[in-house]
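# what's the 3D shape of this:
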Amino acid sequence: MLYKTKGVVFRFTRYGESSIIVNIFTAQFGLQGYIVKGVRSKSAKGRIALFQPLTLLDLVVYHKTNANLMHIREAKCLYLYQTISGDMRKTTIALFINEILTKAVKEQSHASDLCDFIISSLIELDKSEQVENFHLVFLIQLSRWLGFQPQNTNEVLEGRPLDRDDETALSALLAADFGTPVRITNQQRRTLLDVLIFFYARHIDGFGHLKSVAVLREILQ
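As a prediction, the model looks like this:
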């Protein structure tokens, strides 16, 4: 059957001579794999741009329960980013967010709400001017939809020692939205990123190493 849904591209891999398999987190069905034929051919006229990581899409898809790969009937851009590709800070944060999503988002529960959160967060990143703490707030807010949102600093730290000023900064971030100004130093930002990544690793099996962290630290220093 055909269904309309919104979606966020997580990643794609090449398939055959001109096709791809693209993983998209959809509002209707959660994380799904779709085969898109001919998109890498010379006649595709740049259609592969629609399936770059974190592209926001309006979709019409075929869906069959228990099928491994689905097909896309129609795909069009839901929101065209205006600043992310031209701002190194935002590009790096988007790279980090993409890696977090591909590692952390596995379940299909709350798919519609989680998809809305991811879409609204990425649009907020594109529109925001102050983004130094964006990745930290994103990690905290995403944890709500993954089922382990912390209510206080103790739930994040679980006995891990932290400087008093750093813990005060963490407490402020736990209560913050993306637009909330939270004044923290670059060193605190690095420390709290490590703390939150460790927090994620405790809750997500096979979370592993994040390749984008080194770049993030370099750009947001």
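# Ends of stretch 20-32, what's the gap?
End-to-end span of stretch 20-32 (C-alpha to C-alpha, to the nearest Å): 14 Å.
# nope, stretch 125-144 is what I was after
Counting by C-alpha to C-alpha, the terminal residues of stretch 125-144 are separated by 19 Å.
# and it, how far from the chain's centre?
Using C-alpha atoms, centre = their mean, to the nearest Å, the mean C-alpha position of stretch 125-144 is found 10 Å from that of the whole chain.
# what's in contact with it?
Identification of contacts with stretch 125-144 by C-beta atoms under 8 Å, 6 or more residues apart in numbering yields 79, 81-84, 89-90, 93-94, 96-97, 100, 104, 117, 121, 149-150, 173-174, 176-182, 184, 189, 192-193, 196-197, 199-200, 203, 216, 220. Glycine gets a C-beta too; all of them are placed from N, C-alpha and C.
# List the buried residues in it.
125-126, 131, 133-143 (16 or more other C-beta atoms under 10 Å).
# Quote the end-to-end distance of stretch 178-185.
In stretch 178-185, first residue to last residue: 17 Å (C-alpha to C-alpha).
# In space, what's closest to Arg47 - neighbours in sequence excluded?
Val39 (5.0 Å; C-beta to C-beta, 6 or more residues apart in numbering).
# Can you classify the one you found as helix, strand or coil?
With DSSP: H, G, I helix; E, B strand; the rest coil as the basis, Val39 sits in coil.
# Double-check it against Gln52; I have them as touching.
No - contact criterion C-beta atoms under 8 Å: Val39 and Gln52 do not qualify, at 11.4 Å.
# Give me the more crowded residue out of the two.
Using other C-beta atoms under 10 Å, the more surrounded residue of Val39 and Gln52 is Val39, with 23 against 13.
# how about the more buried one, what does it touch?
18-20, 47-48, 51.
# related to what we said a few turns ago, identify those among the contacts of stretch 125-144 that sit within strands.
Tyr79 (DSSP state E).
# Restricted to buried residues, select the contacts of stretch 125-144 in ChimeraX.
Filtering these down to the buried ones (16+ other C-beta under 10 Å) takes a single ChimeraX command:
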select :81,84,89,90,93,94,96,97,100,104,117,121,150,173,174,176,178,182,184,189,192,193,196,197,199,200,216,220
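# number of nearby residues for Ala111?
20.
# no wait, Ala169
Neighbour tally, Ala169, other C-beta under 10 Å: 23.
# show me the contacts for it.
182, 184, 188, 192.
# From Ile21, how far off is the residue nearest to the first one when sequence neighbours are not counted?
The reference is to Val182. Distance criterion C-beta to C-beta, 6+ apart; nearest residue to Val182, sequence neighbours excluded, is Ala172 at 4.8 Å. Distance, Ala172 to Ile21, by C-beta to C-beta, to the nearest Å: 42 Å.
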